[in-house]
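Trainee: Here is my input, please return the structure:
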Amino acid sequence: VRVIASRWPIFKLLADLQKAVGAVEMSCDDVEHPSLDWSEWRARVHSFVEKVPPWLDGASGSDIVPEEYNEAVSDAQGVVWKASSSAIAEGRSIADWTALCSFG
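Mentor: Model (predicted):
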């Protein structure tokens, strides 16, 4: 929600509401995954939201692509792949492991 909230005001309201009710409690930090660290993923998303939208809007004063952009895009590609992967780890597909986190 924080990524969407950076571009659409209605989602900013939702992100603020989630923060007020303890969005960390609704995270997947404690959900097992053989190849994803959900708390690290969430931290990268938060870093992305802080740096990238101002850069896209030209408000950062620099044309240099923020490191947070490349890191988050790379991780996001991995999460998308994992959400559809039929590779098996510990007896279940990576897609099934990924689906355990509905709030990823």
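Trainee: pLDDT score assigned to Q18?
Mentor: With respect to pLDDT, Q18 has a value of 60.
Trainee: Relative to the whole chain's centre, how far out is the helix or strand in which E68 is found?
Mentor: Using DSSP states H and E, E68 falls within helix 67-84. Chain-centre distance of helix 67-84: 8 Å, with C-alpha atoms, centre = their mean, to the nearest Å.
Trainee: Now do the buried residues in it.
Mentor: For helix 67-84, a neighbour-count test (16 or more other C-beta atoms under 10 Å) marks 68, 72, 75, 82 as buried. Heads up, the C-betas are built off the backbone N, CA and C, glycines and all.
Trainee: One more: stretch 79-99?
Mentor: Buried, per 16+ other C-beta under 10 Å, within stretch 79-99: 82, 85, 94, 97-98.
Trainee: Now for those residues: which two are most distant?
Mentor: S85 and W97 (8.9 Å; C-beta to C-beta).
Trainee: Name the residue most distant from the centre of this protein?
Mentor: G91 (25.8 Å; C-alpha atoms, centre = their mean).
Trainee: neighbours around C101, how many?
Mentor: By other C-beta atoms under 10 Å, the residues close to C101 number 19.
Trainee: Contacts only, for it.
Mentor: 28, 31, 33, 38 (C-beta atoms under 8 Å, 6 or more residues apart in numbering).
Trainee: so the third one touches T98, yeah?
Mentor: It refers to H33. Yes. H33 lies in contact with T98 (C-beta atoms under 8 Å); the separation is 6.8 Å.
Trainee: Residues that sit against both of these two, list them.
Mentor: K82.
Trainee: ok, the buried residues of helix 67-84 vs D57, which is closest?
Mentor: The nearest one, if we look at those relative to D57 and count by C-beta to C-beta, is E68, at 14.9 Å.
Trainee: For that closest one, give its distance to E32.
Mentor: Look at E68 and E32: by C-beta to C-beta, to the nearest Å, they are 26 Å apart.
Trainee: circling back: let me have the buried residues of helix 67-84 in CSV, extended by distance to G58 and pLDDT.
Mentor: Formatted as CSV, the buried residues of helix 67-84 follow (distance: C-beta to C-beta, whole Å; pLDDT from 0 to 100):
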residue, distance to G58, pLDDT
E68, 17, 88
A72, 19, 84
D75, 25, 83
K82, 34, 86
